[in-house]
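Asks: Need a 3D model of the following:
(one chain, ligands or ions: 1)
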Amino acid sequence: MLELAIIRDGGVLIRDGRVGIVGTSDEIEKNANNAEVVDAGGRVVLPGFVDAHTHLVFAGNRLDDFERRARGETYEQIAKAGGGIWSTVEKTRAASDVDLLAQAKKHAHWFLRCGTTTVEAKSGYGLTLEDELKILRVMRRLNEETPLEIVPTFLGAHAVPREMRVDKYLDLVINDMLPRVASQKLAEFCDVFCEAGYFNVEQSKRILDAARKLGLKLRIHADQLSNSGAAKLAAESKTATADHLEKTGEEGIAALRSAGVQPVLLPGSVYALGSTCYPRAREMIGAGLAVVIATDFNPGSSPTPSMPMILSLACTQMKMSPAQAITASTINAAYSLGRGEKIGSLEPGKLANFSIFDCEDYRELAYWFGVPQAHSVYIKGSRVCYEEGKTSNAQRPTLNVQ
Ligand SMILES: [Zn+2]
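Replies: Predicted coordinates for the structure are as follows:
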C-alpha cells in the first residue's frame, strides 16, 4: 500500500475513454499524433477516488440532530425528540422519485467536485418493499443521468421499522424484497446492519445467505458500536467487505485475514459523531489486509462526500501514511467493488477516470484540509468538472446541477 508508482513529468494517452499508454510526457508525445493535449501544468494527476461505502439517496437532512448533539444531548434524547434514522426514513418514504433524484443529483455533483468518480450507494431509508425499490430506481437513474458511476447495494436490513417486529421484517426482507431486487437487477450487493438492537449475527446470516442464493455479492456493517462477532460472521460468509470495524479486536482481524475479506474503514462517522474510537487501521494493514477507506456519506453520522477529508482523518487519526490512504481510496476500493480490473489506477486498458489536483505533491491532499484542491475531474476521458467545481456537459448533457 506504500507503493504508488508515481511517474514524474508523466503523461497519459487516452483513446476512446480508456487509458492507452502511461509514461513520461516525452514518451506520450511521441505517440500522440493529433491528440488533443491537456496540460496539467505540473499538478498531481490521480486515479478518480472510488468511494466504497455511502448512503447516497435520502430525503432531507439531520440539522436538528446535529445541533442537539452539539449541545451534548445523547442519541436516545435525540431520537425521543423525533430525530435519528427514523426521521430520515419518514421523509424518504414521503418523497417522490423526482424529489429524491433531485437531491441525489446535487450530492452526486459534490462527489465529483471532490475528485470521486465511482460511488457505492446503499438503499435503507425506505424499509418497505415499495420505498426500497424506489430508492434503488433513483440510483439507476442517477447512474444514467450523471457522469458519476453508481454501484447499487440493497440495505433493506438497515434498521427494523417502527411498525414491525424484527422476525416479521426479516421475512419481508428475505421473501419479498430480496427476490424483487434480484429479479429487477436493481442491486449488485446486499448489505446488513449487524448490531445489537438492529440485526443480530444469526438474523444477519439469514439475510446474507438468502442474498447469496439470489446471486448478490455481500457487504456487512460490522462491529460499529460493539464487538458483536460481526467480523467473524463476515469471514464465515465470505463477504466482499466488512465495514466500520471500530470495535473489532485481534480475533476479528485474524478472521478477516484468513477469509480474504476487505475492511472498509469510515473515519468520517467517528469524527462527525464526536467519538475518538477509530478502527485499528495500522494493525489491519500490518496483518496484510487490503484496507479500504470511504466516506460513509449519510445525513446522520457522516455528512461528507469529501474523500480528501477522509484522507486527512486516515492520516491524522488512524495514523495511515498518505500513500496508504491513497491506495485505500483508489485501487483497494475498486477491488472491493469487483472493479479492480477496470478502475482504481491509471493503467493501460482501464477507464480514463482521473482528477487533476492543484498541488505538486500527492501528500498535500491529506495535509491541507478543508480546502478544495480538485482542479478538474475526468470520467472516461471526458472532463466532467473544472475550475473549482463548475460542471461541464462534456459527458452527459443531462447532468443537472441543483
Ligand atoms: Zn453505513
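Asks: Quick one, grab the pLDDT at the residue lying closest to G370 once chain neighbours are set aside.
Replies: Nearest residue to G370, sequence neighbours excluded (C-beta to C-beta, 6 or more residues apart in numbering): M309, at 7.7 Å. All C-beta spots, glycine's among them, are computed from the backbone N, C-alpha and C. Predicted confidence (pLDDT) for M309: 98.
Asks: do S392 as well
Replies: S392 carries a pLDDT value of 52.
Asks: sorry, back to before: could you confirm the residue nearest to G370 falls within a helix?
Replies: Yes - secondary structure assignment places M309 in a helix (DSSP: H, G, I helix; E, B strand; the rest coil).
Asks: For it, which residues are in contact?
Replies: Applying C-beta atoms under 8 Å, 6 or more residues apart in numbering to M309 gives the contacts G268, T295, F369, G370.
Asks: Max pairwise distance over these: which two?
Replies: T295 and G370 (15.1 Å; C-beta to C-beta).
Asks: of those two, who's got more company?
Replies: T295 (30 against 8; other C-beta atoms under 10 Å).
Asks: how about the more buried one, secondary structure?
Replies: Classified using three-state DSSP, T295 is coil.
Asks: hang on, it packs against L56?
Replies: No - with contact defined as C-beta atoms under 8 Å, T295 does not count as touching L56 (9.8 Å).
Asks: Quick check: which ranges of this structure have low pLDDT?
Replies: 387-402 (pLDDT under 70).
Asks: What's the biggest strand in it, counting residues?
Replies: Of all the segments of type strand in the chain, defined by DSSP state E, the longest one is strand 149-157.
Asks: got the CA coordinates for the next helix or strand after it in PDB?
Replies: Later in the chain than strand 149-157, the nearest helix or strand by DSSP states H and E is helix 166-171. Only the C-alpha atoms of helix 166-171 are listed here, as PDB (Å, rounded to 0.1, in the frame of the first residue of the first chain):
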ATOM      1  CA  VAL A 166     -37.900  -8.000  13.800                       C
ATOM      2  CA  ASP A 167     -38.900 -11.500  12.800                       C
ATOM      3  CA  LYS A 168     -41.700 -10.300  10.600                       C
ATOM      4  CA  TYR A 169     -39.500  -7.700   9.000                       C
ATOM      5  CA  LEU A 170     -36.800 -10.400   8.300                       C
ATOM      6  CA  ASP A 171     -39.400 -12.400   6.500                       C
END
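Asks: now stretch 84-93, how far from the chain's geometric center?
Replies: 21 Å (C-alpha atoms, centre = their mean, to the nearest Å).
Asks: try stretch 98-118
Replies: 12 Å.
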